[in-house]
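Trainee: Curious how this folds, go ahead:
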Amino acid sequence: MLLKRSRNIRNSAWNLANTLIYPLGFLGLTPFFMDTLGDYLFGSWMLLNSIVFISVHVLHFGMGPSVAMYVAEARGKDDPNRLNRYYNSSLNFTNILAIGTMVITLLIWLLAPLELFQWKGILNPDDLKIAFVFTSTLIGVKFYEQHFMGFFKGFEEYDTAAKFNMAQKISMLIGQAIMLKLGYSLSMVIGVSLLTNVLLVLIQFIWSKRYLSDYAWSASFDSLIFSRLKLFGFWSWLQTIVSLFSFQLDRLIVAFALGTDVVGYYSIASMIANHLHIMFESLVGWIFPAVSRIVKEKGDPKPLYYSVRSALMISSLIGLTILFCFRENLFILWIGPEKFKHVISFIELFILLEIFYIHSIVPKFFLNGLSELKLVTTLEVGYKSIGIMMMLIFFYFDHTAISLIWGQLVAMMITMPIELGIINRKILRVNWLYESIAFVLPSFSLLFTLQSKNLAIQIISGILTIGLSYLAYIRYSRIDLKLLSE
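Mentor: You can find the predicted model right below:
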């Protein structure tokens, strides 16, 4: 009953389910995928998935978050005509991008020489070329997915977006497993992804019209509306560019410097880390359109920020601690002892990295909801640029995949307190120095606890972590349970 009554809890629950169901299914089938495809072909598949993910978020120019922002604004102003104009302008922009992608796909099919697809360990470059063609087509289809997901989120209906996404991913995963079981090639596996995404987009288009009054598609661009979408989208796009470059660069370095066999194992750990972060984002992502709506209604969004921030930190630190403590049992059971030896060091460091990375989640959504675009983009560019620099420095001195993660971890330890201090001083106008330091201390204490090999030190530092967390996230924070359960 509480789930039905509470919009925020419902959004968090469905967002979490959407975030977890595909990764858990994929990770559960990963041993089967690796054994069936082999290390090199599996690594190539992971690289193609990274290309899709990067391309969609880079080339759509932040239009998805921009649609969510302005749809929420139109709702706050109760203006259905403006809502239609935002929807139509975003859809037309997506159409242009999709057509451009189809042209590139045709050029790859007709002009790309086969030698480009003769990768190390690949026995059938013809099939890899077909896989590339399907991958390029999939990118164009996923542009529409970004548009519709942003539209539903603008209505704060994360459950609707999650249901569509879950249906597509579950059917895709089942289809991919069946294709491999029947002996089909990598191109057919990616073909399943393409087919299920096309079906999803068609269903979403039909469903989205339920939210629009007297809407009729028009091929013309609404210059005023599109300029607003473009402005917010540009800043959101910059955030995405830096984020993708910093947290996908390591996979590309591993792939081209250390080989696709290594990138297969590294990608497993990286994928776990990425989905952990996305899972935590899914718990609180609804704050972005909610803050935008509250501002348009002349309300104060700060109490919501404080409550969501502390709730996320408490739940995420507990979850990461449990995962780290039971990592050996979980991952040996999952992929077996042989593959476990190749991935465990990566997984451990990615978990420790996430202990600090979670501090960036709520401020990003909050500042975007306030339309503080330059500030949030500056912060993102700043700490992620430092992350890239530290990653490259560590890799230069220690030419291993593990050094890339250490570089990112050290960068997060340096930059997260600085980011919180800037936000506290410029936006929240609170005791910025004290609150920023106090809010990050539990993460440092937990890092020390998990890294220590001495049981007595672990117990003492664990108790200290609990005490610091209580002071920072409960006693001195302004948690309003009513706001969280609205």
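
Trainee: where along the stretch 51-200 of the chain do the helices fall?
Mentor: For the stretch 51-200 of the chain, applying DSSP state H, counting those that start in this stretch gives helices covering 63-77, 80-111, 125-154, 158-181, 186-208.

Trainee: List just the one of those helices that sits closest to E348.
Mentor: helix 158-181 (26.9 Å; C-beta to C-beta). Heads up, the C-betas are built off the backbone N, CA and C, glycines and all.

Trainee: Point out the other helices and strands that the closest one packs with.
Mentor: When contacts are defined as 3 or more C-beta pairs under 8 Å, 6 or more residues apart in numbering; DSSP states H and E, helix 158-181 sits against helix 7-37, helix 125-154, helix 186-208.

Trainee: For the shortest one, which outside residues touch it?
Mentor: When contacts are defined by C-beta atoms under 8 Å, 6 or more residues apart in numbering, helix 186-208 is touched by residues 37, 41, 44-45, 48, 87, 127-128, 130-131, 134-135, 137-138, 141-142, 144-145, 148, 151-152, 160, 164-165, 167-169, 171-172, 175-176, 179-180.

Trainee: Okay, buried residues for it please.
Mentor: Residues 186-197, 200-201, 204, 208 are the ones in helix 186-208 that count as buried (16 or more other C-beta atoms under 10 Å).

Trainee: Likewise for stretch 298-313?
Mentor: 301-302, 304-313.

Trainee: Check stretch 345-353 too.
Mentor: By neighbour count on 16+ other C-beta under 10 Å, the buried set for stretch 345-353 is 346-353.

Trainee: what's the average pLDDT for it?
Mentor: The average pLDDT for stretch 345-353 rounds to 90.

Trainee: N329 is in what secondary structure piece?
Mentor: N329 belongs to helix 327-357 when elements are defined using DSSP states H and E.

Trainee: what's in contact with the helix or strand just after that helix?
Mentor: For helix 327-357, the following helix or strand on the C-terminal side (DSSP H and E) is helix 361-369. Residues outside helix 361-369 that contact it (C-beta under 8 Å, 6+ apart): 65, 69, 236, 239, 277, 280-281, 284-285, 287-292, 294-295, 301, 305, 308-309, 312, 373, 375-376, 379-380, 419-420, 423, 427.

Trainee: could you redo the last one with a cut-off of 6 Å?
Mentor: 280-281, 284, 287-288, 291-292, 305, 308-309, 312, 375-376, 423 (C-beta atoms under 6 Å, 6 or more residues apart in numbering).

Trainee: quick one: that helix to helix 63-77, angle?
Mentor: The directions of helix 361-369 and helix 63-77 differ by 60 degrees, with axes from the mean of the first three to the mean of the last three C-alpha atoms, to 10 degrees as the criterion.

Trainee: Rounded mean pLDDT for helix 361-369, please.
Mentor: If you average the pLDDT values across helix 361-369, you get 85.

Trainee: in the helix or strand following that helix, what's buried?
Mentor: With elements assigned by DSSP H and E, the helix or strand that comes after helix 361-369 is helix 373-397. For helix 373-397, a neighbour-count test (16+ other C-beta under 10 Å) marks 373, 375-377, 379-381, 383-384, 386-388, 390-391, 394-395 as buried.

Trainee: What of stretch 443-456?
Mentor: 443-450.

Trainee: Look at the most centrally placed residue in the chain and give its secondary structure.
Mentor: The centroid of the chain falls nearest to I278 when counting by C-alpha atoms, centre = their mean (4.4 Å). At I278, secondary structure determined by DSSP: H, G, I helix; E, B strand; the rest coil is helix.

Trainee: Can you give me the pLDDT of it?
Mentor: If you check I278, the pLDDT there is 81.

Trainee: From T377, how far out is it?
Mentor: Taken as C-beta to C-beta, to the nearest Å, the spacing of I278 relative to T377 amounts to 20 Å.

Trainee: Check I423 too.
Mentor: Taking C-beta to C-beta as the criterion, I423 is separated from T377 by 13 Å.

Trainee: Equivalent analysis for F340, please.
Mentor: The separation that F340 has from T377, given C-beta to C-beta, amounts to 40 Å.

Trainee: Likewise for M271?
Mentor: Spatial separation of M271 from T377 under the definition C-beta to C-beta is 26 Å.

Trainee: sorry, back to before: of the contacts of helix 186-208, buried ones?
Mentor: Buried members of the contacts of helix 186-208, scored by 16+ other C-beta under 10 Å, are 37, 41, 44-45, 48, 87, 127-128, 130-131, 134-135, 137-138, 141-142, 144-145, 148, 151-152, 160, 164-165, 168-169, 172, 175-176, 179-180.

Trainee: Let's have the buried residues of stretch 443-456 in TSV, adding secondary structure and distance to E435.
Mentor: Supplementary listing: the buried residues of stretch 443-456 in TSV, determined by DSSP: H, G, I helix; E, B strand; the rest coil; distance: C-beta to C-beta, whole Å:
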residue	secondary structure	distance to E435
S443	helix	14
F444	helix	15
S445	helix	17
L446	helix	19
L447	helix	20
F448	helix	21
T449	helix	23
L450	helix	25
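
Trainee: Can you verify my assumption that H60 contacts Q146?
Mentor: Yes - H60 sits in contact with Q146 when judged by C-beta atoms under 6 Å, with a separation of 4.9 Å.
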